[in-house]
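*Asks:* Turn this into a model:
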Amino acid sequence: EVGDRVHIWSVSSKSWVEDGIIKEVAAKPFEVAGAKVPAGSVLVTYGSGASCKWVPIANQKEVLRKAQLPKDDGGDLRKPSSDAREARAALAMAAAMGCSAGART
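*Replies:* Prediction:
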């Protein structure tokens with residue numbers, strides 16, 4: 001759910017990054033830099049907000065775990081995208097942040 005704090009697995013450092021925040025949930029499939037992002041994928045920011053990643057629903061149980069912290073109430077993305085305009089806005093935000101699709105971190 002948007003605002004949930006999560007830990008995200010880092011393949012490169014072989015450790016959990018513990019400051020992840022779910023910023024968006026893809027209500028519909030779309031593409032980021034030529035990579036397909038399926039519906040149900042979540043956009044996670046981490047590394048003090050310096051990094052972000054779209055995590056497909058199929059990989060979430062492996063690379064995400066719920067943190068025992070209160071929700072993040074910052075930002076204005078508080079619900080999943082439900083129409084094309086919101087999906088484009090989420091895509092633009094992700095692109096501006098340099099987010100990629102996939103579960104590798």
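
*Asks:* per-residue confidence at the residue nearest to Gly40 when sequence neighbours are not counted?
*Replies:* Counting by Cβ to Cβ, 6 or more residues apart in numbering, Ile57 is the residue found nearest to Gly40 once chain neighbours are left out, at 3.5 Å. Bear in mind the C-beta positions are built from the backbone N, C-alpha and C, glycine included. Model confidence at Ile57, given as pLDDT, is 94.

*Asks:* List the contacts of Ile57.
*Replies:* By Cβ atoms under 8 Å, 6 or more residues apart in numbering, the contact list for Ile57 reads 38-42.

*Asks:* Now a ChimeraX select for only the buried ones of these.
*Replies:* The ChimeraX command for the buried members of those (criterion: 16 or more other Cβ atoms under 10 Å) is given here:
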select :40,41,42
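
*Asks:* still on that earlier bit, give me phi/psi at the residue nearest to Gly40?
*Replies:* phi -60, psi -30 (degrees, to the nearest 10).

*Asks:* Quickly note the distance from it to Arg65.
*Replies:* 15 Å (Cβ to Cβ, to the nearest Å).

*Asks:* hmm, back to that, show me which of the contacts of Ile57 is closest to Trp9.
*Replies:* Proximity of the contacts of Ile57 to Trp9 was ranked by Cβ to Cβ; the top entry is Val42 with 13.7 Å.
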